[in-house]
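Colleague: Sharing a model prediction with you, sequence too.
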There are 2 protein chains.
Amino acid sequence: MNEHGMLVVVSGFSGAGKGTLMKALLNRYNNYALSISATTRAPRAGEVDGKEYFFVTEEHFKNMIEKEELIEYAQYVNHSYGTPKEYVLNQMKMGKDVILEIEIQGALKVKERFPEAILLFVMPPNAQELKRRLIGRGTESMEVINARLRRAAEEAQGMEAYDYILINDEIDTCVEEMHLMIQVQHKRASNNMAFLSQIREELKNI
Amino acid sequence: MNEHGMLVVVSGFSGAGKGTLMKALLNRYNNYALSISATTRAPRAGEVDGKEYFFVTEEHFKNMIEKEELIEYAQYVNHSYGTPKEYVLNQMKMGKDVILEIEIQGALKVKERFPEAILLFVMPPNAQELKRRLIGRGTESMEVINARLRRAAEEAQGMEAYDYILINDEIDTCVEEMHLMIQVQHKRASNNMAFLSQIREELKNI
């Protein structure tokens, strides 16, 4: 079966638990690599350049766009975010399933360019739980939380464009489900054209 | 998440082990129902009307076509095969994932009519193994076996149209893989439109 990695795009409302989910997935399985985005926004407390993000200037970001070094880029709350191409393609060649944690605008651009990418949307079991988690995080004012909830309502318009919906109710179950969703895609006929050609040749000459 | 069953189409070369696979799947899990095809071919030794197939006359079969009682029908080695509609739709409404074991021509017709159906193609790990299994079965002459292998080479042309490739090397592993492939599809965004609408409404009114 196919040996190159898959491209997996993960989006979801803030507060849906994407961060925790990614960490748990990468801890539990060694077939994944997390793409690191470039961004023009300032680091939050504790964020390290080259780990959570590559923190770059507006000028540097424009330069990356011009040199076509980004798979996709998008604007979100006055800042630019983009996915550097080289790292992603290298990891896929090495057989890693590469995960891009990006916003919906970027996700749809990736799907256009890589139709075989799978798009996952992470959701809380219901809207009240989302609000509860955002408040529980304790890092944002109620004003910011309300802005995020309004943003979530907008983002919800794009959910239908995703391939799969991943409900993050209990983290361990959710990690396992996400892993299975991705591993099943390796068996897609469109990801196994070389194997199919080989069987066809064998049958002709049997 | 969604509560109605999925439509699953299973095809594959004779000798790939579809029959054994279906039996094992239905024994192990209780969320599946196997569609029973109508056919104009004569029963083989041991086959029971209403179990393996509904054995019908050419005239009865034509009548079912006229009354639009078949989801799909196709001609294969001088006989007609078709899928009675009512049973399939009823089982899906009851939450069962309904499996149609049909030929490639019929499979493609089902996909046209039910785009959300998933098409699985069962294969042996390689062509030699297919030949070995057909001979090992001991029910057919070498002439028939060679005809089946030629037919397999032809069918191989259509494999790319399927969603997933299921390699039947070891039966227990294959059953498990098939079950996961199908269960993952329940999480497709397109199968959860009602849930997505509900979350969207909740977010508006939070």
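Modeller: Received the coordinates, thanks. A quick note: this is a predicted structure, and the numbers were derived from the prediction, not measured.
Colleague: interface residues of chain A facing chain B?
Modeller: A:1, A:121, A:123, A:126-128, A:130-131, A:149, A:152-153, A:156-157, A:159-167, A:177, A:180-181, A:184, A:187-190, A:192-193, A:195-196, A:199-200, A:202-204, A:206 (C-beta under 8 Å from any C-beta of the partner chain). C-beta here means a position set from N, CA and C on the backbone, and glycine is covered the same way.
Colleague: let's see 6 Å
Modeller: Proximity of chain A to chain B (C-beta under 6 Å from any C-beta of the partner chain) is limited to residues A:127, A:131, A:149, A:152-153, A:156, A:159-160, A:162, A:164-165, A:180-181, A:184, A:187-189, A:192, A:196, A:200, A:202-204, A:206.
Colleague: all strands for chain A, in order.
Modeller: All strands of chain A, identified by DSSP state E, fall at A:7-12, A:32-34, A:37-39, A:53-55, A:70-76, A:79-84, A:97-101, A:118-123, A:164-167.
Colleague: could I get those strands as a markdown table with distance to B:Ser35, mean neighbour count and mean pLDDT?
Modeller: Below are the strands of chain A laid out as a markdown table (distance: least, C-beta to C-beta, whole Å; neighbours: other C-beta atoms under 10 Å in any protein chain shown; pLDDT from 0 to 100):
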| stretch | distance to B:Ser35 | mean neighbour count | mean pLDDT |
| --- | --- | --- | --- |
| strand A:7-12 | 33 | 25 | 95 |
| strand A:32-34 | 38 | 20 | 95 |
| strand A:37-39 | 47 | 20 | 93 |
| strand A:53-55 | 51 | 17 | 93 |
| strand A:70-76 | 42 | 19 | 88 |
| strand A:79-84 | 44 | 20 | 93 |
| strand A:97-101 | 34 | 22 | 95 |
| strand A:118-123 | 29 | 23 | 95 |
| strand A:164-167 | 26 | 23 | 94 |
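Colleague: could I get those as CSV with distance to B:Leu108?
Modeller: What follows is the strands of chain A, written out as CSV (distance: least, C-beta to C-beta, whole Å):
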stretch, distance to B:Leu108
strand A:7-12, 28
strand A:32-34, 35
strand A:37-39, 41
strand A:53-55, 46
strand A:70-76, 34
strand A:79-84, 36
strand A:97-101, 30
strand A:118-123, 23
strand A:164-167, 24
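Colleague: nearest residue to A:Ala156 other than its sequence neighbours?
Modeller: Excluding the flanking residues, the one nearest A:Ala156 by C-beta to C-beta, 6 or more residues apart in numbering or on different chains is B:Arg200, at 4.4 Å.
Colleague: Mind checking the strands of chain A for the one nearest to A:Glu112?
Modeller: Closest to A:Glu112 of those is strand A:70-76 (C-beta to C-beta; 9.0 Å).
Colleague: Partner strands of the closest one and their direction?
Modeller: Strand A:70-76 has the following strand partners under DSSP bridges: strand A:79-84 (antiparallel).
Colleague: Could you list the residues in contact with the strand it pairs with?
Modeller: The contact list for strand A:79-84 (C-beta atoms under 6 Å, 6 or more residues apart in numbering or on different chains) reads A:35, A:37-41, A:61, A:69-74, A:100.
Colleague: Please list only the buried members of the residues of chain A next to chain B.
Modeller: For the residues of chain A next to chain B, a burial check counting by 16 or more other C-beta atoms under 10 Å in any protein chain shown picks out A:127, A:131, A:149, A:152-153, A:156, A:159, A:162, A:164-165, A:181, A:184, A:187-189, A:192, A:196, A:200, A:202-203.
Colleague: can you tell me which of those are in helices?
Modeller: Among these, the members found in helices (DSSP state H) are A:Ala127, A:Lys131, A:Leu149, A:Ala152, A:Ala153, A:Met181, A:Val184, A:Leu196, A:Arg200, A:Glu202, A:Leu203.
Colleague: Enumerate every residue touching A:Asp97.
Modeller: A:Asp97 neighbours (C-beta under 6 Å, 6+ apart): A:Gly5, A:Met6, A:Val8, A:Asn31, A:Tyr32, A:Ile182.
Colleague: and of those residues, the nearest to chain B?
Modeller: Closest to chain B out of the contacts of A:Asp97 is A:Ile182 (9.4 Å), distances taken as C-beta to the nearest C-beta.
Colleague: residues in contact with that closest one?
Modeller: A:Val8, A:Asp97.
Colleague: low-confidence ranges in chain A?
Modeller: Scanning chain A for pLDDT under 70 picks out A:1-2.
Colleague: switch the cut-off to 80
Modeller: Scanning chain A for pLDDT under 80 picks out the ranges A:1-3, A:14-15, A:76-77, A:137, A:155-157, A:206.
Colleague: what's the offset of stretch A:71-83 from the middle of its chain?
Modeller: 13 Å (C-alpha atoms, centre = their mean, to the nearest Å).
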